[in-house]
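A.B. asks: model the following, please.
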Amino acid sequence: MTITDANDDAPSRPQAFLSSIMQIEPQWIDYNGHLNMAYYNVMFDRAIDQLWLKLGIGPAYMKERHGSTFTAECHVRYLREIHLGDPVQISVFLLGADQKRLHTFEELRHATEGWLSATSENMTIHIDMAMRKTAPFPPDIRESIDAVLKAHATLPRPEGVGRSVGMPVR
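C.D. replies: Below is the predicted model:
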């Protein structure tokens, strides 16, 4: 995957965090001629990692402060095919947070045409890596999270938040 630089704006501005523009790798295309479902998650994860860096909870945080995050739950919706050569960009919305959890919603869009290809709604937990257990975010990290949460609370709620998998009720 090739990546161009992510938006350098502070993630606490009243707009969704925008990832770098990403390119699809040829080996990610399946026998149906489109992006295999597994690689949507790879791109969503890379976008989250970019936001985590801005919040101060990236690889250096794990190495120096022995804290990290694990995904506890994920719901992906595949809405329109992505193909080789399609540039994509992911918007990340921070919908909620508490002492140990982050609730995010991501939209993967064609980077030049703007149409929505997929969404991912996630619950992420903060982990004390020394104990391998959930733990509260440190105060400085929580301050960064709260600033983003406050900014994102002013945004319209993305379409599809809270959806669940199930057959339609008749």
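A.B. asks: could you use CA atoms for every contact and neighbour count after this?
C.D. replies: Fine.
A.B. asks: per-residue pLDDT, the residue most central in space within the chain?
C.D. replies: Of all residues in the chain, the one closest to the mean position by C-alpha atoms, centre = their mean is residue 48, 3.7 Å from it. Turning to residue 48, the model gives it a pLDDT of 98.
A.B. asks: did I read that right, residue 151 in a strand?
C.D. replies: No - assigned with DSSP: H, G, I helix; E, B strand; the rest coil, residue 151 falls outside any strand and is helix.
A.B. asks: can you tell me, leaving aside adjacent residues, what's nearest to it?
C.D. replies: Leaving aside its chain neighbours, residue 151 sits nearest to residue 14 (4.5 Å; criterion: C-alpha to C-alpha, 6 or more residues apart in numbering).
A.B. asks: the longest helix in the protein is where?
C.D. replies: helix 37-55 (DSSP state H).
A.B. asks: I'd like the next helix or strand past that one.
C.D. replies: Note on helix 37-55: by DSSP states H and E, the next helix or strand toward the C-terminus is helix 59-65.
A.B. asks: coming back round to it: neighbours of the residue nearest to the residue nearest to the centre of the chain when sequence neighbours are not counted, just the number please.
C.D. replies: Once flanking residues are discounted, residue 48 sits nearest to residue 92: 7.3 Å by C-alpha to C-alpha, 6+ apart. When neighbours are counted by other C-alpha atoms under 10 Å, residue 92 registers 26.
A.B. asks: again with the one 10 residues further on
C.D. replies: One way to gauge burial is a neighbour count; for residue 102, by other C-alpha under 10 Å, it gives 20.
A.B. asks: ok, for it, nearest residue in space, not its chain neighbours?
C.D. replies: residue 124 (5.1 Å).
A.B. asks: in terms of helices and strands, where is the one you found?
C.D. replies: Counting by DSSP H and E, residue 124 is part of strand 116-128.
A.B. asks: perfect, that will be all.
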